[in-house]
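> here's my sequence, what's the structure:
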Amino acid sequence: MVSNKNGGGNLAEIKDVELKYVLSDLKAPFKTALREISVIESIYVFVHTDDGLVGVGEAVPTPVITGDTVEGIVAAIKLMSKKLMGQTLSPLLLQVIQQSLVGNSSAKAALDMAIYDLLAKEKEVPLYVYLNSTYSSLETSHTVSLNQVETMVSDAKQYIEMGFKALKVKLGNDITLDQSRILSIHQTVPNALLSIDANQGWNEDETKMMIAFLKDKNIHIDVLEQPVFRKEYDAMHRLNKQSDIPIMADESLFDPYDAKRLSQQGIHFFNIKLMKSGGIFPGLWIAKIALENGGKCMVGSMMETHVSLTAAYHFACAIGAYKVDFDAPFMLKEKRIAGGIQYDMNQVYLENKDAYGLGIDVMKLKELCADAKSL
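Numbering: from 1, shown residues only. Here you go, the predicted model:
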């Protein structure tokens, strides 16, 4: 039962939903086989209850991955908010969000985070506790953005010198050049734990060429992430069967139905991103499917800020993620959000592990959004 903090014992209800559009500059452009960006566009969501609680969430547009644009996210959140308004705060709202419309995973994720934030705050516990988990610091990898060979080598060396042990190397636009990139990085930082993310950039034959090249050069790769187009399930299956390197699904994996299909195809390494799954609620089902089939889950992210990455942190604790990729804040020119996740180089932890809900300082976030565009 949800209690009314103002006394009276009435059930708390959703009273208002605010949206703010905030831009966060990157230190340098972030490049993959799919896109290049120099700024993070965040739609911050503030969900208010009638007893004074505020839950926060974040959505970011990634049109080439989720199909979500700023305009689409805003329209979807407004539509779903109408269904939430006046409703009693309860876990049932998480289902209302998912059933309100098809697709629109980023918008769903933002509201899902905010409702989870409220539910944990109502119980006066951190979100990881609400999710029946325990607290632990996590170790993140750092992404080496797609670039010229010399630049990628320099970046990889810098990240290792900073204290990172694991690097995710972005490839996927030219197989011959990609081979030079990964070989040069391996030769420069031979003790780094490397993974490759091709972002759908290769076809099946090119992927086979890369796998053979890695074996010939004795380059150990932890996982090979989404080498081919997201709908090429049969190719993913064949590659996984033939390769000593686990094939990880990213863009092929959005919802629990994708998870079931991939598991049936023998793909058991999943990269769960809240912007793809539609939030924590469906993400938990995806993780359950993976773990029941002997799989492993990584929790990744798009280019996001501390709000949604804090939600991803709590989620990662809840599912026992074997690795996380939470490096986007390192690419920001400045940190402007208080509370939530913090960094000690590659170690990710909560600023206050006892803070209720996500642990984001809502007042500070509102100050950041004071001059931001209301949507």
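> which residue is nearest the middle of the protein?
residue 301 (2.3 Å; Cα atoms, centre = their mean).
> domains for this structure, by residue range?
14-126, 130-363 (automatic domain parsing).
> which one of these lies nearest to residue 369?
Evaluated with Cβ to Cβ, the domains of the chain place domain 14-126 nearest to residue 369, the distance being 3.9 Å. Heads up, the C-betas are built off the backbone N, CA and C, glycines and all.
> just for the stretch 101-250 of the chain, where's the confidence low?
Judged against pLDDT under 70, the stretch 101-250 of the chain has no low-scoring part.
> so where do the strands sit in it?
138-139, 142-144, 166-170, 193-197, 221-225, 247-249 (DSSP state E, counting those that start in this stretch).
> which elements pack onto the fourth one?
When contacts are defined as 3 or more Cβ pairs under 8 Å, 6 or more residues apart in numbering; DSSP states H and E, strand 193-197 packs onto strand 166-170, helix 175-188, strand 221-225.
> of all the residues in the longest one, which ones are buried?
Just to be clear, that refers to helix 175-188. 175, 178, 179, 181, 182, 185, 186 (16 or more other Cβ atoms under 10 Å).
> hmm, who's touching it?
Contact with helix 175-188 is made by 144, 149, 152-153, 156-157, 167, 169, 171-172, 192, 194, 196, 198, 202, 206, 209-210, 213-214, 217, 219, as judged by Cβ atoms under 8 Å, 6 or more residues apart in numbering.
> which of those residues are buried?
Among those, those buried by neighbour count (16+ other Cβ under 10 Å) are 144, 152-153, 156, 167, 169, 171-172, 192, 194, 196, 198, 202, 206, 209-210, 213-214, 219.
> can you check the pLDDT for residue 35?
As predicted, residue 35 sits at a pLDDT of 87.
> wouldn't it be in contact with residue 61 here?
No: counting by Cβ atoms under 8 Å, residue 35 does not reach residue 61; the two are 10.7 Å apart.
> give me the more crowded residue out of those two.
residue 61 (25 against 14; other Cβ atoms under 10 Å).
> which residue ranges of this structure form helices?
70-84, 92-99, 105-123, 127-130, 149-162, 175-188, 204-216, 233-242, 256-264, 274-277, 280-292, 306-319, 362-368 (DSSP state H).
> how about those in JSON lines, adding distance to residue 17?
Formatted as JSON lines, the helices of the chain follow (distance: least, Cβ to Cβ, whole Å):
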{"stretch": "helix 70-84", "distance to residue 17": "4"}
{"stretch": "helix 92-99", "distance to residue 17": "12"}
{"stretch": "helix 105-123", "distance to residue 17": "8"}
{"stretch": "helix 127-130", "distance to residue 17": "19"}
{"stretch": "helix 149-162", "distance to residue 17": "39"}
{"stretch": "helix 175-188", "distance to residue 17": "44"}
{"stretch": "helix 204-216", "distance to residue 17": "43"}
{"stretch": "helix 233-242", "distance to residue 17": "37"}
{"stretch": "helix 256-264", "distance to residue 17": "26"}
{"stretch": "helix 274-277", "distance to residue 17": "18"}
{"stretch": "helix 280-292", "distance to residue 17": "18"}
{"stretch": "helix 306-319", "distance to residue 17": "15"}
{"stretch": "helix 362-368", "distance to residue 17": "14"}
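> what's the closest of those helices to residue 41?
Of all the helices of the chain, helix 70-84 comes closest under Cβ to Cβ, at 5.9 Å.
> that closest one packs against which elements?
In terms of contacts (3+ Cβ pairs under 8 Å, 6+ apart), helix 70-84 is packed against strand 14-31, strand 36-49, helix 92-99, helix 105-123.
> in it, what counts as buried?
Result for helix 70-84 [16+ other Cβ under 10 Å]: buried residues 70, 72, 73, 74, 76, 77, 80, 81, 83, 84.
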